[in-house]
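Chemist: no FASTA, just this:
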């Protein structure tokens, strides 16, 4: 069975552990292991070392440790952590068969283990439904890099439609559709201000912010990004410069794309303090994945799935 690495691209094998005896000129342990286990990225190996799953001569080490002749290196792989079966009941299911699950992701929920978010993620909650197709792939995978079935993501604060692959074969097919940009994604968002035009395209490069690396920014160096938008309704009396209900269709799939591109026009999402919105009573950026259209990986039939606006979004919309 094939498995995905943390980038969801290169395939790798599950392995229970490895032991090496070092020979040759002195070399950093992370560099040595990246050569010996070429199916794993150096970043992944560094995470294993940091998490204590690599030992040199029976002792925990650091990525910078320089190996000497006859050093013994033991590499272990921690198991993916899942949640009890009851946890899956907390996720609204829009559609499910033996190939895919389509969910209405709640806001304030991380999709898969990453960084400080190592517990209670969407994938861990859904694990009872995913286990039969992915168990062999993740049983020896580091929790910090496991993302079984994830073919696209929504930000922690974003709600709405997501499709999860229940098998590696379904994941391959869906990933190819995302790569070819044949999947149609429609979002609704509430933004501050009122765009000058009724509809348009935002085209720019989007990359990591040099000042704040965990955020994105519109800049010369980055990846080409394009979002089509339509103004559904304007609220002239809201805030200082009004507010707008926007339908956004991202034609590319960059991190924070809709948020950062609308903010670059001077229209940050309501509640999106990270990208310039004033603080208010909202608990998250008001962005919702309204619908998703794709070809089913097994039947090859096209489907559209929709998720209604959540309560907090509707409540703020009504207040305008």
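Modeler: Structure's in. What do you need? Keep in mind that what you see is a predicted model, and the values were worked out from it rather than measured. Numbers count the residues shown, from 1 in each chain.
Chemist: pLDDT on stretch 200-219, on average?
Modeler: Stretch 200-219 shows an average pLDDT of 86 in the prediction.
Chemist: equivalent analysis for stretch 70-86, please.
Modeler: Per-residue confidence for stretch 70-86 averages out to 70 on the pLDDT scale.
Chemist: for stretch 233-243, same thing?
Modeler: For stretch 233-243, the mean confidence score works out to 92.
Chemist: distance from the chain centre to stretch 312-320, please.
Modeler: Taking C-alpha atoms, centre = their mean, to the nearest Å, one finds stretch 312-320 lying 27 Å from the centre of the chain it belongs to.
Chemist: hey, what's residue 204 bridged with?
Modeler: When assigned by DSSP bridges, residue 204 has beta-bridge partners residue 225.
Chemist: look up how far residue 43 lies from it.
Modeler: Computed with C-beta to C-beta, to the nearest Å, the distance linking residue 204 and residue 43 is 28 Å. The way it works is simple: take the backbone N, C-alpha and C, and place the C-beta from them, glycine included.
Chemist: check residue 202 too.
Modeler: For residue 202, the distance to residue 43 equals 31 Å [C-beta to C-beta].
Chemist: who has more neighbours, these two?
Modeler: Here residue 202 and residue 43 are compared on neighbour count by other C-beta atoms under 10 Å; more neighbours surround residue 202, at 22 against 13.
Chemist: what's near enough to touch the more buried one?
Modeler: With contact taken as C-beta atoms under 8 Å, 6 or more residues apart in numbering, residue 202 is in contact with 225-227, 229, 261-262, 264-265.
Chemist: which element is it on?
Modeler: Secondary structure here is read from DSSP states H and E; on that basis residue 202 sits in strand 199-208.
Chemist: may I see the buried residues of stretch 261-274?
Modeler: When burial is assessed from 16 or more other C-beta atoms under 10 Å, stretch 261-274 yields the following buried residues: 261-265, 267-272, 274.
Chemist: alright, that wraps it up for me.
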